[in-house]
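1. Provided below for reference: sequence and predicted model.
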Amino acid sequence: MIRSSRLQTLEARLRLLESEFQAELVHALHACAAGKWGMFAQNERLYAELGEQTRTLMSSVEKDLLARATEIEHLREQLGYADPFPLAQRYREYREMRGPNVPGEPNMAKLFLQELGLT
């Protein structure tokens, strides 16, 4: 069982991480909506086909967001939360969208911003 002071520290850390994730996500969405590709992994298949040397093509924003999401998930699990962090979960859902009728990344970013009520 986690002691009360440790629990408070972990809760504060979780709130901070979730707040930072949201700020970074919104900033990245605005950049993507303005035309910067890379945060939704729509070219991930191409990276796999081209090999290890293309790892640098993966957006650093995407890497940072995914790393933060994973850290948040681990912390939520440690604190006993049953539900995932909704914003990180939704970001992952957008990243998994594939198909001929899926809009390009800038349009996906605009849709996500609309969903968040930020446009």
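-> Everything's here; your move. Residues are numbered from 1 along each chain as shown.

2. strands along the protein, start to end?
-> With DSSP state E, there are no strands along the chain.

3. hey, which helix is longest across it?
-> helix 4-33 (DSSP state H).

4. for that helix, name the packing helices and strands.
-> helix 60-79, helix 86-96, helix 105-115 (3 or more C-beta pairs under 8 Å, 6 or more residues apart in numbering; DSSP states H and E). The way it works is simple: take the backbone N, C-alpha and C, and place the C-beta from them, glycine included.

5. what's the closest of those to residue 42?
-> helix 105-115 (5.6 Å; C-beta to C-beta).

6. now that closest one - C-alpha only, PDB.
-> In PDB, the C-alpha atoms belonging to helix 105-115 read as follows (Å, rounded to 0.1, in the frame of the first residue of the first chain):
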ATOM      1  CA  GLU A 105      -2.500  14.900 -41.000                       C
ATOM      2  CA  PRO A 106      -3.200  18.600 -41.100                       C
ATOM      3  CA  ASN A 107      -6.900  17.900 -41.500                       C
ATOM      4  CA  MET A 108      -6.800  15.300 -38.800                       C
ATOM      5  CA  ALA A 109      -5.200  17.900 -36.500                       C
ATOM      6  CA  LYS A 110      -8.000  20.400 -37.300                       C
ATOM      7  CA  LEU A 111     -10.600  17.700 -36.500                       C
ATOM      8  CA  PHE A 112      -8.900  16.900 -33.200                       C
ATOM      9  CA  LEU A 113      -8.700  20.600 -32.300                       C
ATOM     10  CA  GLN A 114     -12.400  20.900 -33.100                       C
ATOM     11  CA  GLU A 115     -13.200  17.900 -30.900                       C
END
